[in-house]
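Undergrad: this one's structure only:
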């Protein structure tokens with residue numbers, strides 16, 4: 001039997017989803033994305049749950065897209081489906097009637113930042129680093145921009161979308177990507193979930209909806225165009241070269 005890629009545990013009023021796919025640094029494979037969906041559904045249908053915490057094992061929260069899957073032999077046929085998987089996942093987090101907290105104390109790259117941006121609250125520890133590296137392999141943060149641009153400052157997005165620079169938790173908090181930078185992620189998350197647990201299901205759902213309504217409106221208006229753009233970029237010869245070069249640990253040979 002295949003080991004699960006996403007752990008699920010209910011701890012009182014808290015549903016804990018743990019990304020646990022060490023072989024690819026918790027990359028967003030089709031299987032992992034589907035298991036996150038399953039965990040969110042399980043939490044949403046449990047009347048005892050008041051909050052979801054999305055955490056991780058190991059030193060990486062999420063490495064972004066699974067490039068080995070994206071660059072595989074059947075990549076051309078599956079590229080559009082994988083783009084829609086990501087769009088669907090981000091929207092699912094936004095529309096979930098439960099608050100979702102990202103608990104991050106590891107590396108976050110590319111599409112992983114989309115997960116953080118979609119969560120209602122994000123807590124980052126001293127081990128957290130962030131980078132939007134898509135442009136370096138011929139891609140762009142197309143779909144995840146739907147979750148990131150409403151959170152990050154415009155100046156920060158203009159910088160980090162194109163430079164691919166790495167930055168830490170303090171900078172992530174300063175630019176609005178995360179809610180809180182701390183040296184003790186578990187304690188900070190425990191305080192937040194304790195406060196949330198005092199809310200009623202109806203009160204929490206209605207209150208969260210107030211914070212996501214405008215974001216969801218913009219999401220639905222732009223999602224199809226950006227999903228198509230993502231699929232086109234992933235399916236391009238330039239991105240294929242970028243992904244293969246990354247996997248082979250060599251500089252890409254851009255065709256120009």
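TA: Nice, I can see it. All of these numbers come straight from a predicted model, not from anything done at the bench.
Undergrad: From here on, just use CA atoms for contacts and neighbour counts.
TA: Fine.
Undergrad: what sits against the nearest residue to residue 97 once chain neighbours are set aside?
TA: Distances taken as CA to CA, 6 or more residues apart in numbering place residue 205 nearest to residue 97, at 4.5 Å, with adjacent residues excluded. Residue 205 makes contact with 97-99, according to CA atoms under 8 Å, 6 or more residues apart in numbering.
Undergrad: Just the element for residue 205, please.
TA: Here residue 205 sits within helix 201-234, counting by DSSP states H and E.
Undergrad: Name the residues of that helix that are buried.
TA: 201, 204-205, 208-209, 215-216, 219, 223, 226-234 (16 or more other CA atoms under 10 Å).
Undergrad: going on from it, what's the next piece of helix or strand?
TA: helix 237-248.
Undergrad: What is that next one packed up against?
TA: helix 67-70 (3 or more CA pairs under 8 Å, 6 or more residues apart in numbering; DSSP states H and E).
Undergrad: pLDDT at residue 73, what is it?
TA: pLDDT recorded at residue 73 is 45.
Undergrad: next one: the one 5 residues further on
TA: Residue-level confidence at residue 78 comes out at 77, pLDDT.
Undergrad: what about it, is that helix, strand or coil?
TA: helix (DSSP: H, G, I helix; E, B strand; the rest coil).
Undergrad: That one - how many residues pack around it?
TA: 15 (other CA atoms under 10 Å).
Undergrad: Pull the contacting residues for it.
TA: Residue 78 neighbours (CA under 8 Å, 6+ apart): none.
Undergrad: quick one: it from residue 231, how far?
TA: Distance from residue 78 to residue 231, counting by CA to CA, to the nearest Å: 9 Å.
Undergrad: What does residue 126 show for phi and psi?
TA: phi -60, psi -20 (degrees, to the nearest 10).
Undergrad: The closest residue to it other than its chain neighbours: neighbour count?
TA: Take residue 126 and drop its neighbours on the chain: the residue closest to it by CA to CA, 6+ apart is residue 183, 5.6 Å away. By other CA under 10 Å, the residues close to residue 183 number 13.
Undergrad: I figured residue 183 was touching residue 105, is that so?
TA: No - with contact defined as CA atoms under 8 Å, residue 183 does not reach residue 105; the gap is 9.2 Å.
Undergrad: okay, and the common contacts of those two?
TA: Listed contacts common to residue 183 and residue 105 are 125-126; contacts here mean CA under 8 Å, 6+ apart.
Undergrad: Show the contacting residues for residue 32.
TA: Contacts of residue 32 by CA under 8 Å, 6+ apart are 5-6, 19, 21, 26.
Undergrad: For these, which ChimeraX command selects only the ones that are buried?
TA: Selection of buried members from the contacts of residue 32 for ChimeraX, criterion 16+ other CA under 10 Å:
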select :5,6,19,21,26
